[in-house]
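Participant: sequence and predicted structure are below.
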Amino acid sequence: MSANEKYKTSQDLFERAVKVIPGGIYGSKSPGFTVPGEFPYFFTEGEGCRVKDADGNSYIDYLCGFGSMILGFGNSVVDDPAVVQLRKGDLLNCPSPVFVELAERLCKLIDGMGWSVFAKNGSDATTLAVTMSRVHTGKRRVLMAKGAYHGSANWCSANEYPVLDDRDYVHTFPYGDEEALKELFDRYRDEIACIILTPYHHPTYTDQVLPQHTWYPLVESLCEKEHALFIMDDIRANFRLSLHGSHHYFNAHPHLVTMGKSLANGYPIAALMGTPELKKAASSLFITGTFWTSSVPMVAAMHCLKAMEEWDVQNHMNQMGKMLKDGLKSAAEAEGLKVNLSGPDAIPFMTFPDDPNLYHNQIFSAAMARRGVYLHPHHNWFLSYAHKTEDIEETIDKAGDSFKEVKRHFSK
C-alpha cells in the first residue's frame, strides 16, 4: 500500500482544512514538521500507548501528545473522576474547591514553591513568569538560550516582524556556554529582569544537551548578584524527571517554575509557581482567562499526581526509555550504522552522525510509521507509564527493518 493510500482520509481532510483554516493545520502539528505524505495528519483515538489515525492505522506512540500524556491515553484513574466533574459543571462562575486543593498539593510537592496560579498553555505560564519578573525587578531584559522553545508569545516566538518590538529586550546565548552567559550579565548589568531556562536543552532538529554540573550554580550566582530572577520552564519535561520538579532532579533552585503538559495527563492546564517572597508581585498582576479556572483539568491533575506518586511512574519510564535507547543502538549497529541517542531516558531523541538536515531521520521515522510506530523525525520523543516491555520489544524489532531502509539510502 502506498503512502497516499495509507493516509487517504488524512489527506482528504487536509485538503478540506486548507480551504477554511490558515495553513490547514498550524503550529507544531503541521504536516511540514514531520515528513509530508509519510505521516498521518489526523488522529481519532488513543488507548494506553497506542494511537489510531483517521484511516484506522494503529501506532505505538512515542510523542504522547507532545509529552502531555504520561499515564496512558484513556486512563480511567484520571478520566473517570474528570467525567464526573464534567457532569457537575466544568466552567462555573467562580472556581471550584479543587482550585485551592490543587494549589495546595503543588506547593507541597514542588521543591521551593510557595504559591501557584493556573492557566491553559505553556505560553500562558512562561509569559506570566517573564511579566512577573519584570514587575518584581523593575527591569526589562530577558535572557534565554538560543534555540530554546518557551512558547508562541511574541517575546519568544520564532515569528519576527519589524512592526513588533517584543524581542528587543530578549537576548540569547549558546546553551551551556558559561563565558557567553557571564558576558551578557556584564554587558547588561542592572538591566536584567530574568533568565529563563528549560531543565536541559531540548531544541528541535538536533541532539538534546544535559547541563554540566557547574551550570546551575553559575546561573544562580549571576542572578543573585544581578538581583534577577531565575525561571525554570518545566513545561515539557515536568514529572518525567522528578515528581518534585525537574529542578529537583538537577539540584537547581529557581524563583519561578512553569509546568503543564503531563500535569493532568493531557487535560488542558498549565501552572506558574513561585517562591513565597514573589507572592506580592504575583498578587499585583491581573491574572485571568475565561477558561483558566476550569475544574475538570484540575480534578484530572489531582488524580494524575496521586497515580504518579503511587505507581513509581518515573522509574518505570526511565527503565522503558533505557531499553528503547539500548535497543535502537544495537539494531542500528547490526546494520553497520551509528546513531546518537541524547536526552534523559524518559525523553530520548535519536539522530544520525553527519546528517545535519536530518534526512536519514526522516527516512527512518517514515519507515517506522509504515510499520506502525510513531517516532517524530525532528522533535524529541516521550515515554509513558503505558509503555511496557512488549511495546519496546516490538518497536526495536521493527527498527531493524527500518534501519535497513536507511542503510540503502546511505549507500546511494
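Facilitator: All right, it came through fine. Keep in mind it's a predicted model, so treat the numbers as computed, not measured. Numbering: from 1, shown residues only.
Participant: hmm, residue 268 is touching residue 120, no?
Facilitator: Yes. Residue 268 lies in contact with residue 120 (CB atoms under 8 Å); the separation is 5.1 Å. Backbone N, C-alpha and C define where each C-beta goes, glycine included.
Participant: quick check: neighbours shared by the two?
Facilitator: Shared contacts of residue 268 and residue 120 (CB atoms under 8 Å, 6 or more residues apart in numbering): 291, 294.
Participant: what residues are up against the spatially most central residue of the chain?
Facilitator: Centroid-nearest residue in the chain, with CA atoms, centre = their mean: residue 236, separated by 2.4 Å. By CB under 8 Å, 6+ apart, the residues touching residue 236 are 66-67, 122, 149, 198, 202, 261, 347.
Participant: and these, which two are furthest apart?
Facilitator: Maximum pairwise distance among the contacts of residue 236 (CB to CB): 15.3 Å, between 122 and 347.
Participant: residue 197 and residue 263, how far apart?
Facilitator: For residue 197, the distance to residue 263 equals 19 Å [CB to CB, to the nearest Å].
Participant: show me where the stretch 151-300 of the chain has helices.
Facilitator: For the stretch 151-300 of the chain, helices defined by DSSP state H, counting those that start in this stretch occupy the ranges 178-187, 215-226, 246-249, 279-284, 295-311.
Participant: neighbours of the closest residue to residue 275 other than its chain neighbours, just the number please.
Facilitator: In space, and not counting its chain neighbours, residue 275 is closest to residue 255: 5.2 Å by CB to CB, 6 or more residues apart in numbering. When neighbours are counted by other CB atoms under 10 Å, residue 255 registers 23.
Participant: would you confirm that residue 255 contacts residue 231?
Facilitator: Yes. Using CB under 8 Å, residue 255 is in contact with residue 231, at 7.0 Å.
Participant: what sits in contact with each of these two?
Facilitator: Joint contacts of residue 255 and residue 231 (CB under 8 Å, 6+ apart) are residue 133.
Participant: what's the helix or strand hosting residue 46 packed up against?
Facilitator: Assigned by DSSP states H and E, residue 46 belongs to strand 43-47. If contacts are counted by 3 or more CB pairs under 8 Å, 6 or more residues apart in numbering; DSSP states H and E, strand 43-47 sits against strand 50-53.
Participant: direction included, what does the following helix or strand past the strand it packs on pair up with?
Facilitator: Using DSSP H and E, the helix or strand that follows strand 50-53 towards the C-terminus is strand 58-61. As defined by DSSP bridges, the strand partners of strand 58-61 come to strand 50-53 (antiparallel), strand 373-374 (parallel).
Participant: quick one: contacts of the helix or strand in which residue 396 is found?
Facilitator: Element membership for residue 396, per DSSP H and E: helix 389-410. Helix 389-410 has contacts (CB under 8 Å, 6+ apart) with 49, 60, 62, 320, 323-324, 327-328, 330-332, 334-337, 352, 359-360, 363-364, 367-368, 371-373.
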